[in-house]
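Visitor: Sequence and predicted model, in that order:
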There are 4 protein chains.
Amino acid sequence: MSNKEIRIPKQARSIEKKKQLKQAALILFSEKGFHNTSSNEIAKKAGLSIGTFYSYFTDKTALYEELVKDLYQDALAQIPDIGLENEDDMIPDPAELIRSYIQTIMQIHTYMPAFQKEITSLSQQYEEFRVLEEKYRSYAAEKVLRLLQGYRKLLRITDFTTAGMIIQNSLEAVVHEVQFYHTSYDKDKVVDELTDMLCRYVIKAEYLK
Amino acid sequence: MSNKEIRIPKQARSIEKKKQLKQAALILFSEKGFHNTSSNEIAKKAGLSIGTFYSYFTDKTALYEELVKDLYQDALAQIPDIGLENEDDMIPDPAELIRSYIQTIMQIHTYMPAFQKEITSLSQQYEEFRVLEEKYRSYAAEKVLRLLQGYRKLLRITDFTTAGMIIQNSLEAVVHEVQFYHTSYDKDKVVDELTDMLCRYVIKAEYLK
Amino acid sequence: MSNKEIRIPKQARSIEKKKQLKQAALILFSEKGFHNTSSNEIAKKAGLSIGTFYSYFTDKTALYEELVKDLYQDALAQIPDIGLENEDDMIPDPAELIRSYIQTIMQIHTYMPAFQKEITSLSQQYEEFRVLEEKYRSYAAEKVLRLLQGYRKLLRITDFTTAGMIIQNSLEAVVHEVQFYHTSYDKDKVVDELTDMLCRYVIKAEYLK
Amino acid sequence: MSNKEIRIPKQARSIEKKKQLKQAALILFSEKGFHNTSSNEIAKKAGLSIGTFYSYFTDKTALYEELVKDLYQDALAQIPDIGLENEDDMIPDPAELIRSYIQTIMQIHTYMPAFQKEITSLSQQYEEFRVLEEKYRSYAAEKVLRLLQGYRKLLRITDFTTAGMIIQNSLEAVVHEVQFYHTSYDKDKVVDELTDMLCRYVIKAEYLK
DNA sequence: AATGAATGAGCCTTCATTCAT
DNA sequence: TATGAATGAAGGCTCATTCAT
């Protein structure tokens, strides 16, 4: 029924315009939140007309989705695919792997913190937005799980699903707190403690140094 | 500019009306979120007129603020004060204390879960709510801290501030996830695992049964 | 899902407002057509706000529907229920009945001609509008049919459905032409001729005077 | 004010493009109506750019006008010129002439039926189209008139002008109804009945077989 | 001549808020 | 005090039309 045709920018200038809109939206969403930002406002901030806005995005939500997608794609790319290949031979220190994972998550959260907060906010509030984020979150959770399973022999935990969920959520929450709210904490210290907590939970005592 | 007078209800009947409005709002915000609930709707659900609504609250946000304040007050009051008095004499099993603490937090999150979700989310947008949330968080963290300090001798952790923050956030996040989103998890299992994780992190090995 | 509540006016002042809106719409639809009239325009012409418009009507189409309904209800009320009771005894001159029916139709078409034209226009163009009109048209057609059947014995036609359709459409078209476009025709003459045509078609020769 | 130059296509290629646009518009207007068809859509369906569209037509309405003009021209050309030459000598069965005329009108209405519907409707809104429709109507009526006059001796009617108008309108309306809306009617049956009605109205009893 | 990206007026609709009763 | 009809700013979105290339 719908006739709308969304322009897929091919040329430099078009790509630029789309970027402008996304950039403007990113700033506004971060500052005032998704619901308090109008599409007209985004277009204006991008220096483009509302018509142009709607020729690149079906609606405001579509823009938001792209923004989330971009963010998570960048973020996910940073999570290393560690611990999969070297099962038996030279096992790296598992504690170091965990620390490195924690640091990556910490790193990710320094990027567009305000927008990430807004994502969290919307995801918690509206099912439709949650579904969107869940896709990426579950991808991240899977990475944790795979990381764990790669070290099966060294681990004391047995229910990987529950443990994975606990680790994932604990990690995110602490990092969230430190990166988004309390910059007063000593981040290295936090990483140390988190590493300590997770190692003791996950790794058999005999493999802890 | 505004010379509107907001009624501070003194009489039973007035207090009752305000309560009705808040109760109605609580339900609607929980079900459909702040942005999808109109003030007219709230008044109607409360069985009162929109005019009455505006004689008790300056605007929709004011109602919301009160609701959030109430909720945090309640939540704060519920944070358990366990394990403080019996320092030296008859020491209860610390693991049991931790488990009991976890269960209490779980309990708190069962209470008004939907609106808690809504709050967590909106808190990020309005400074006013952030302050409230902060207060709750720091109060909760302090309680954890005091709990920990009460058992100083049995503990392996030394930096109570950082540890307290980590425990509090991990706990809340996992419980939030389990109570608000994934009913698929076995809650007892989750409590067991969380207890396990926190005990190993916090308590000296020799005091673990 | 929808929350909208359409006000059903009970008090004089409310009824008046709704009437104002309908009156304004009637004029505008007649002058410029449905599609070239905006809801804001209607409200403004009625001296009311757009908000008021939407508290009385779900949308522009709903207003239109009411207008059509009103028109047809008035119109249908004018079509007499003749020829049903007196089958055998004193048969009135059938030609006179037909003439009277034609005159009624003619009469109806003098009322709000411009709006009737717009109705015809929209009905011919959009299925949804046609359905609306069809309801009333079929009611009118039924009257013709009943009129005919009441005089079964005097009639030469046998296929009442086809004949009814032909009569109904011919009648309307001619009346339309005369009332809406060519005021130059002598209306009495037209009624005479139509009566003549229909009588000769419908009534057995021996019953024609 | 406008200094836009509308191209009057001289060269084959230009004429072709204009035709393409009109053809595309014809289909779209027929399918979805004038108001629900956008100029961009027309250009696209024609395989041309919107810019090209606007170099051939000042606006959407201009295209529409041309289409209507064309249609009426075609329709006009198709109105049969039968029965004019053979006045006295070998008189064909007048009933057959009438039947043949009805069939031709039926034929015309099969041709582009959807767009005819659209036109009939929009004609009422824009003066410009009304004039065109008028021209068609009066031309058609005149033809009927001349047809009738050619058979003066066989006819019982005397006021040819009124009769002509009645015949023309009845015919068009019934055919319109049958061809555009109710496929449920048996078209042959309808032609028979129409022929019957018109013959009895027009032809002296002694000349009816 | 042709293109199609860009424009922005304008439509429909919602809803927080006011104010006459 | 309470009411709820009325308001109108503002948001989402479409589409006829322009104009730089």
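Guide: Right, received. Where do you want to start? Numbering: from 1, shown residues only, chains lettered A, B, ... in the order given.
Visitor: export the helix or strand residue A:28 falls within as CSV, just CAs?
Guide: For residue A:28, the element it lies in under DSSP states H and E is helix A:12-32. Extracted in CSV, the C-alpha atoms of helix A:12-32 (Å, rounded to 0.1, in the frame of the first residue of the first chain):
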residue,chain,number,x,y,z
ALA,A,12,29.3,11.2,-1.5
ARG,A,13,26.9,14.1,-1.1
SER,A,14,24.0,11.9,-0.2
ILE,A,15,25.9,9.9,2.2
GLU,A,16,27.0,13.1,3.8
LYS,A,17,23.5,14.3,4.2
LYS,A,18,22.4,11.0,5.9
LYS,A,19,25.4,11.3,8.2
GLN,A,20,24.5,14.8,9.1
LEU,A,21,21.0,13.7,10.0
LYS,A,22,22.3,10.9,12.1
GLN,A,23,24.8,13.1,13.8
ALA,A,24,22.3,15.7,14.6
ALA,A,25,19.9,13.0,16.0
LEU,A,26,22.6,11.5,18.0
ILE,A,27,23.3,14.7,19.8
LEU,A,28,19.7,15.6,20.3
PHE,A,29,18.7,12.1,21.5
SER,A,30,21.7,12.2,23.9
GLU,A,31,20.8,15.6,25.2
LYS,A,32,17.1,15.4,25.5
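Visitor: Quick check: the residue of chain A nearest DNA strand E.
Guide: residue A:51 (1.9 Å; C-beta to the nearest atom of the strand). (C-beta placed from N, C-alpha, C; glycine too.)
Visitor: Name the residues of chain A found near chain B, please.
Guide: Contact residues (C-beta under 8 Å from any C-beta of the partner chain) of chain A with chain B: A:32-33, A:35-36, A:117-118, A:120-122, A:124-126, A:130, A:157, A:159, A:162-163, A:165-166, A:169-170, A:172-174, A:176-177, A:181-182, A:185-186, A:189-190, A:193-194, A:196-198, A:200-201, A:205.
Visitor: So among these, which ones count as buried?
Guide: A:33, A:35, A:117-118, A:120-122, A:124-126, A:130, A:157, A:162-163, A:165-166, A:169-170, A:172-174, A:176-177, A:181, A:185, A:190, A:193-194, A:196-198, A:200-201 (16 or more other C-beta atoms under 10 Å in any protein chain shown).
Visitor: now, which of those residues lie close to chain C?
Guide: Okay, of these, nothing touches chain C (C-beta under 8 Å from any C-beta).
Visitor: quick one: which of the residues you listed sit in helices?
Guide: A:117-118, A:120-122, A:124-125, A:130, A:162-163, A:165-166, A:169-170, A:172-174, A:176, A:190, A:193-194, A:196-198, A:200-201 (DSSP state H).
Visitor: so what pLDDT did the residue nearest the centre of chain A get?
Guide: Centroid-nearest residue in chain A: residue A:72, 4.8 Å away (criterion: C-alpha atoms, centre = their mean). We have a pLDDT of 89 for residue A:72.
Visitor: Give the residue spans of chain A that score low on pLDDT.
Guide: A:1-2, A:81-91 (pLDDT under 70).
Visitor: ok so residue A:8 is a helix residue?
Guide: No: counting by DSSP: H, G, I helix; E, B strand; the rest coil, residue A:8 is located in no helix; its state is coil.
Visitor: Any idea how many residues pack against it?
Guide: Using other C-beta atoms under 10 Å in any protein chain shown, residue A:8 is surrounded by 9 other residues.
Visitor: for it, phi and psi?
Guide: Backbone geometry at residue A:8, expressed as degrees, to the nearest 10, gives phi -100, psi 110.
Visitor: Hmm, residue B:190 and residue A:166 touching each other?
Guide: Yes: using C-beta atoms under 8 Å as the test, residue A:166 is close enough to residue B:190 to be in contact (7.2 Å).
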